[in-house]
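# fold the following.
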Amino acid sequence: MSTRRLWSAGSLLLAAAAVVLAIVFAIAHFPNGLSVLVCLVLAVCAAWYGVRRRDPVRTVGLVVAALLVLGAIVLVIVERQLLENLLVLVAVVAALAAAKLAFRVHVHWPRAPAPSHAVLFYNPKSGGGKAEKFHLADEARQRGIEPIELQLGQDLEELVRGAVARGADALAMAGGDGSQAIVAMVAAELDLPYACIPAGTRNHFALDLGVDRNDVVGALDAFVTGGERRVDLAEVNGRVFVNNVSLGLYAEAVQRPGYREAKLHTLLDTVPSALGPEAETPKLHWEGPEGTQSAVAILISNNQYRLGRALGSGTRPRLDRGTLGVTVLAPISGNGDGDASRHRLAMEQWTAENFQINSDGAAPAGIDGEAAQLDPPLEFRVRPGALRVRIAPQHPGASPSALEPDTAWETVRALGRFAISGGPAGAIEPR
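As a prediction, the model looks like this:
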């Protein structure tokens, strides 16, 4: 029996066990289980009320939410449900973990010839000093790759173009996604192979490319024995990005002083101005099928993200579909003339090859996590297959969500097929 078949069968069995246990325990402890649920729902409502307001009202809302959660825990302990709830939780977590392993992929991209003069640019401070920790410069030299350290005050694009002028025929970047975008832009412009070395903090681009984020040194093998694939890039007003551009709520938080040192606190301070009772009308708007539409937060991405899913949330299944992903958090239109509907929000997602957003003045933006100001109109477009990416053969070669279905029911059906037949071999064909 294949490994995929085992993980699929295990996931289905664990999920079934979690459902059965939850039903049995709910019946055995009725109506106390309902009381716990009510406490948790009220806690969410109190927390939402608090974050949309400023101190001291915010503090009151969050304290009430914490007390309601504590009350739910006390009810669970008093009724001796702690072990039972832990069993259900463990079964759910184990089922999700097994499903993730069942959908794991390893793509063998066609091996490409090694470049004669590959150059690695690295930021020694990025990711808490990963480049120095893993002796990346020495490892690069051992593979015939020239390392160039990015120093404070240097212009990365000039550094890259200078290396190309001296004969570089392959480019790699070890740093954050903002730096990856600059090197990728030059590589795409000159049709040179590019390698993403996951030496940044989060390495979102590396994850969706199929680069093992835990194997910083091994990523250098992309220029030794690696395979090659083509992926898309995207741009806004001519500026290339590899992941996304955020506008609205999050982008305004990124602009604020102290964001890097206290991200959560800064974001909470931004929420009331966008979602609170005194929030202004959203400044971002575009023309849609129903006329002019607006949103309090917009995410434009290089291919679409999976959001709100139990599996693969926050990743992009593909980077070669030739589309932008558009995700908006927009007010729900209501029939009343009060303010209530203005603060009820819904998330919508769709794809497009081009997208234009207008704004009342310069729009704060987070471009691959870096603060920027963009003059309207904001013109987004995708560059299909613009970038030649090299990936080490031992790395996955595809996004962790490449095989994962979009809905829960499709996931169950796919796991059932895998459990019976063993599922696909794991190859992902380029589109």
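# only C-alpha atoms for contact and neighbour calcs from this point on.
Fine.
# contacting residues around Leu284?
Contacts for Leu284 (Cα atoms under 8 Å, 6 or more residues apart in numbering) come out as Gly248, Ser294, Ala295, Val296, Ile357, Asn358, Ser359, Asp360.
# would JSON lines of these with pLDDT and secondary structure be doable?
As requested, those are exported to JSON lines (pLDDT from 0 to 100; DSSP: H, G, I helix; E, B strand; the rest coil):
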{"residue": "Gly248", "pLDDT": "80", "secondary structure": "strand"}
{"residue": "Ser294", "pLDDT": "83", "secondary structure": "strand"}
{"residue": "Ala295", "pLDDT": "82", "secondary structure": "strand"}
{"residue": "Val296", "pLDDT": "80", "secondary structure": "coil"}
{"residue": "Ile357", "pLDDT": "94", "secondary structure": "strand"}
{"residue": "Asn358", "pLDDT": "92", "secondary structure": "strand"}
{"residue": "Ser359", "pLDDT": "87", "secondary structure": "strand"}
{"residue": "Asp360", "pLDDT": "83", "secondary structure": "coil"}
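# of the residues you listed, just say which sits nearest to Arg111.
Of all these, Arg111 sits closest to Ile357, with 40.7 Å by Cα to Cα.
# for that closest one, give the beta-bridge partners.
Using DSSP bridges, the bridge partners assigned to Ile357 are Leu378.
# switch to numbering from 21
In the new count, where the first residue is 21, that last one comes out as Ile377.
# how many residues are close by it?
Residues contacting Ile377 under the criterion other Cα atoms under 10 Å number 18.
# how much space between it and Ile165?
Applying Cα to Cα, to the nearest Å, the value for Ile377 to Ile165 is 42 Å.
# if I've got this straight, Tyr325 is in a helix?
No: counting by DSSP: H, G, I helix; E, B strand; the rest coil, Tyr325 is not part of a helix but coil.
# ok, now which ones touch the residue nearest to it when sequence neighbours are not counted?
Nearest residue to Tyr325 in three dimensions, chain neighbours excluded: Arg336, at 4.5 Å (Cα to Cα, 6 or more residues apart in numbering). Counting by Cα under 8 Å, 6+ apart, Arg336 touches Asp228, Asn323, Gln324, Tyr325, Arg326, Ser419, Ser421, Ala422.
# quick check: buried residues in the helix or strand hosting Leu253?
According to DSSP states H and E, Leu253 maps onto strand 247-256. Neighbour-count burial for strand 247-256, counted by 16 or more other Cα atoms under 10 Å, picks out Gly247, Glu248, Arg249, Arg250, Val251, Asp252, Leu253, Ala254, Glu255, Val256.
# check stretch 183-195 too.
Judged by neighbour count using 16+ other Cα under 10 Å, the buried positions of stretch 183-195 are Ala183, Val184, Ala188, Asp189, Ala190, Leu191, Ala192, Met193, Ala194, Gly195.
# quick check, the second one in a helix?
Yes: Val184: assigned to a helix according to three-state DSSP.
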